[in-house]
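Student: give the three-dimensional model of this entry:
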Amino acid sequence: MQPTLRDFAQKLNDHPALRQVFFLTAALASIALVGYHFGALDQAVHIPFLRATADPDLYPGDPFLALRKDQYSIFWYFFIPFLRSGLLEQAMFLVHLLVIFLFFTAIWELCITIFSDPMAALIASLAFIIPHTGFVGFPVIEYTLQSRTFVLPFLLFAVNLFLNHRRGKAFLILGLMYNVNLLMTNFVLAGLLFYSLLEIRKGSLNKFGLNVGSFLFGALPVLLWKIHSGDGLDFSLRPDWFSAISNGGLFQINYIFSATAFMLLTMGGLSCIIMFFVARKNCPSGVHDREIVFFMIAMICILAFQVITTFWIPITFIIQLQISRASIFILIFAYIYFANYLAKIFVSKKISDGTLILVAGSFIFSVSPLIPLLILISTRIRPELFGMNKTAAAIGLLLLVTGYMSAGISLKLWQPSINIFGKPSPWVDVQNWARENTSTDALFITPPQEVGLYQPDWRVFSERGTVASLYDIFEVALKPDHLGTWKVRFENLAPKALDQFRGNYFENQTITRGAYNQLRTDQIIKIAERYSASYLVMEKSISHNLPILYENELYKVFGLKK
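Tutor: Numbers count the residues shown, from 1 in each chain. Model prediction:
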């Protein structure tokens with residue numbers, strides 16, 4: 001078994017064409033396991049922004065769409081021609097597939113650069129087919145195309161170039177990616193600058209200046225854009241805004257070390273850090289060890305700064321940067337190092353085959369890195385408990401995977417279907433009716449809670465405005481000045497709901513649903529008059545003395561015009 005697997009890894013490394021086929025297979029397998037959902041997650045914001053940019057006549061009565069002008073990214077502009085030609089969904093899926101393909105390419109190249117071991121590259125690639133989560137809960141491979149997912153492989157390419165002493169090109173790539181997603185790029189930029197500053201003592205000041213110049217040249221478009229906009233850094237403290245976005249849905253991003261329901265994510269993130277240093281101690285990377293260690297220290301320092309900012313001095317622009325997202329790079333490099341560690345013990349046979357299957361299997365298939373770390377620690381404390389045969393290990397691994405799948409399905413956290421054009425549902429059906437049967441300037445009163453991990457926001461398919469959406473809070477986190485506008489409109493739709501929010505988005509949906517469904521007809525009429533809304537969408541079980549224009553199995557559309 002060992003020579004076969006190791007020979008396969010070496011064959012992949014020796015044959016570029018075969019390696020590309022492997023990367024494509026891994027990308028397709030990952031999409032099949034993770035799923036693909038058009039219009040979900042941040043696309044609930046960016047798809048309407050894209051539509052409004054391509055057609056300014058859309059969403060005229062919805063002030064939320066004005067926030068698109070504050071999106072300092074050129075990413076979505078590239079999709080305008082595809083939108084206008086009716087090929088948006090197909091183009092986005094193909095780009096999503098390409099991005100995941102490039103991600104596996106970047107992982108392989110990093111493993112070869114750091115360890116010179118195809119076996120480590122193979123194990124790391126297999127591990128990343130399955131989603132893994134750390135501190136903030138975002139998996140490395142997501143089920144939608146985002147600007148942050150697009151830049152990820154290119155940021156890893158930049159790290160690889162940096163390690164191979166092609167630093168001018170590395171910083172140029174970082175500059176180019178700054179135009180796509182400056183938040184994610186900032187983390188890698190900080191890590192590479194941190195190490196570069198340490199080298200200045202060795203007389204490399206000129207090289208450092210050239211590298212910074214390469215970055216500034218690549219980032220020039222978005223830098224000029226931001227300077228022209230006049231938006232500077234906001235050093236103010238906005239406790240009301242910070243409380244609203246934390247309780248509204250960003251609690252796990254701001255409070256990464258709080259003892260709440262998100263503690264499992266915190267434990268997973270800490271497990272990544274421990275996994276990295278355990279693997280490094282047992283199997284150091286050699287020539288690139290210093291660079292990677294300092295990069296990881298930089299990411300850990302960023303997280304420490306997040307904790308300091310959150311609990312003691314929540315400066316607005318620091319909170320806007322959502323710097324805890326840097327933890328994704330801790331997860332990536334922890335898994336790369338642990339893959340190398342597994343590759344070494346695979347050859348050395350320091351543990352039994354059964355134990356190796358259980359440790360390696362849990363490493364690949366466990367969503368949380370806490371599980372493989374606990375199993376590894378257990379083998380050190382009580383090795384006799386894990387000196388099992390292959391059959392017992394396989395059964396244990398099967399139970400683990402079955403448990404994850406069952407929990408994911410029951411909690412509705414895992415929906416691996418592929419929906420290039422959006423997942424059909426009664427909610428999408430109502431949106432389609434609105435798009436086909438109302439004017440582009442129509443404004444709707446809609447259930448503000450009807451947007452989640454897999455369910456798109458009202459604006460995505462309807463192409464019509466709404467008074468407010470709960471998901472708007474994630475954009476308010478980036479644009480504090482919009483809080484007042486959003487809060488008034490949201491509280492009209494869900495009276496007293498905000499006061500009950502405690503950071504759990506799913507719980508917030510339930511609270512909002514109850515408040516919205518209790519609105520009386522006279523309250524709805526007042527809201528409609530205040531915002532010039534022409535239509536009302538409610539759950540089918542809710543009745544109002546208003547004309548019914550359309551209904552399906554879950555929703556009704558009422559007319560509000562006299």
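
Student: please enumerate the strands of the chain.
Tutor: With DSSP state E as the criterion, the chain has strands at 36-37, 418-419, 443-445, 465-466, 535-539, 548-551, 555-559.

Student: tell me which residues in the last one are buried?
Tutor: Burial within strand 555-559, assessed by neighbour count using 16 or more other CB atoms under 10 Å, is assigned to 555, 556, 557, 558. All C-beta spots, glycine's among them, are computed from the backbone N, C-alpha and C.

Student: hang on, the first one packs against residue 541?
Tutor: No - with contacts counted by CB atoms under 8 Å, residue 555 stays clear of residue 541, the gap being 10.0 Å.

Student: contact partners for residue 189?
Tutor: 171, 174, 178, 215 (CB atoms under 8 Å, 6 or more residues apart in numbering).

Student: my guess is the second one contacts residue 192, does it?
Tutor: Read that as residue 174. Yes - assessed by CB under 8 Å, residue 174 is found in contact with residue 192 at 7.3 Å.

Student: overlap in contacts, these two.
Tutor: Common neighbours of residue 174 and residue 192 (CB under 8 Å, 6+ apart) are residue 158.

Student: how much space separates residue 521 from residue 336?
Tutor: 59 Å (CB to CB, to the nearest Å).

Student: re earlier: out of the buried residues of strand 555-559, flag the one nearest to residue 139.
Tutor: residue 555 (30.8 Å; CB to CB).

Student: quickly list the domain ranges of the chain.
Tutor: Residue ranges for the domains of the chain, per automatic domain parsing: 2-34+72-348, 426-559.

Student: so for residue 395, which of the ones you listed sits nearest?
Tutor: Taking those one by one with CB to CB, domain 2-34+72-348 is closest: 19.3 Å.

Student: determine how far the closest one lies from the middle of the whole chain.
Tutor: Remark: domain 2-34+72-348 is offset 11 Å from the chain centroid, using CA atoms, centre = their mean, to the nearest Å.

Student: returning to what we had before: more neighbours: residue 521 and residue 336, which one.
Tutor: The neighbour count for residue 521 versus residue 336, taken as other CB atoms under 10 Å, is higher for residue 336 (26 against 13).

Student: now the more buried one. Nearest residue, chain neighbours left out?
Tutor: Leaving aside its sequence neighbours, residue 336 sits nearest to residue 124 (CB to CB, 6 or more residues apart in numbering; 5.2 Å).

Student: residue 320 and residue 521, how far apart?
Tutor: Counting by CB to CB, the gap from residue 320 to residue 521 is 40 Å.

Student: and residue 9, by the same measure?
Tutor: Counting by CB to CB, the gap from residue 9 to residue 521 is 67 Å.

Student: and for residue 512?
Tutor: In this structure, residue 512 and residue 521 are 19 Å apart, going by CB to CB.

Student: same question, residue 300
Tutor: Distance, residue 300 to residue 521, using CB to CB: 55 Å.

Student: repeat that for residue 186.
Tutor: For residue 186 relative to residue 521 (CB to CB), the value is 49 Å.

Student: check contacts around residue 187.
Tutor: Taking CB under 8 Å, 6+ apart, we find residue 187 in contact with 299, 302, 323, 325, 326, 329.

Student: do residue 142 as well
Tutor: Per CB under 8 Å, 6+ apart, neighbours of residue 142: 34, 41, 149.

Student: please convert the buried residues of strand 555-559 to JSON lines, extending it with pLDDT.
Tutor: Formatted as JSON lines, the buried residues of strand 555-559 follow (pLDDT from 0 to 100):
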{"residue": "555", "pLDDT": "94"}
{"residue": "556", "pLDDT": "93"}
{"residue": "557", "pLDDT": "94"}
{"residue": "558", "pLDDT": "94"}
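
Student: list the buried residues in stretch 431-448.
Tutor: Residues of stretch 431-448 classed as buried by neighbour count (16+ other CB under 10 Å): 431, 433, 434, 438, 442, 443, 444, 445, 446, 447, 448.

Student: got phi/psi on the last one?
Tutor: Recorded main-chain torsions at residue 448 are phi -70, psi -20, according to degrees, to the nearest 10.

Student: that one contacts residue 492, correct?
Tutor: No - the pair residue 448 and residue 492 does not pass the contact test of CB under 8 Å, sitting 9.9 Å apart.

Student: burial measure for the residue lying closest to residue 294 once chain neighbours are set aside, as a count.
Tutor: Counting by CB to CB, 6+ apart, residue 294 lies nearest to residue 195, which is 4.6 Å off, once chain neighbours are set aside. Counted with other CB under 10 Å, residues neighbouring residue 195 total 17.

Student: and if you look at the one 10 residues further on?
Tutor: When neighbours are counted by other CB under 10 Å, residue 205 registers 11.

Student: and if you look at the one 5 residues further on?
Tutor: By the other CB under 10 Å criterion, the neighbourhood of residue 210 contains 14 residues.

Student: repeat that for residue 236.
Tutor: Neighbourhood size, residue 236 [other CB under 10 Å]: 10.

Student: thought it was touching residue 314?
Tutor: No - the criterion here is CB under 8 Å, and residue 236 misses it with residue 314 at 10.0 Å.

Student: wouldn't residue 190 be in contact with residue 300 here?
Tutor: No - using CB under 8 Å, residue 190 makes no contact with residue 300, being 11.6 Å away.

Student: surely residue 238 touches residue 317?
Tutor: No - taking contacts as CB under 8 Å, residue 238 lies outside contact range of residue 317: 10.5 Å.

Student: helices of the stretch 51-200 of the chain, residue ranges please.
Tutor: For the stretch 51-200 of the chain, applying DSSP state H, counting those that start in this stretch gives helices covering 80-84, 88-115, 118-129, 147-163, 167-178, 182-199.

Student: read off the pLDDT value for residue 418.
Tutor: pLDDT for residue 418: 91.

Student: please apply the same query to residue 335.
Tutor: Residue 335 is assigned a predicted lDDT (pLDDT) of 92.

Student: excluding its backbone neighbours, what's nearest the residue nearest to the spatial centre of the chain?
Tutor: In the chain, the centroid-proximal residue (CA atoms, centre = their mean) is residue 138; its distance is 4.5 Å. The shortest distance from residue 138 to any non-neighbouring residue, by CB to CB, 6+ apart, is to residue 328 (6.4 Å).

Student: from residue 528, how far out is residue 294?
Tutor: Between residue 294 and residue 528 the computed distance is 58 Å (CB to CB).

Student: these two - which one has more neighbours?
Tutor: Set residue 294 next to residue 528 and count neighbours by other CB under 10 Å: residue 528 wins out with 22 against 17.

Student: sketch out the low-pLDDT regions of the stretch 451-562 of the chain for me.
Tutor: Scanning the stretch 451-562 of the chain for pLDDT under 70 picks out 562.

Student: hang on, the earlier thing: so which of the strands of the chain is nearest residue 263?
Tutor: The nearest among the strands of the chain, by CB to CB, is strand 36-37 at 27.4 Å.

Student: quick check: the gap between residue 245 and residue 322.
Tutor: Residue 245 is 10 Å from residue 322, where distance means CB to CB.

Student: intersection of neighbour lists for the two?
Tutor: Residues touching both residue 245 and residue 322 by CB under 8 Å, 6+ apart: residue 477.

Student: neighbour count for the two, which is higher?
Tutor: Legend: neighbour count by other CB under 10 Å for residue 245 and residue 322, higher for residue 245 (26 against 19).
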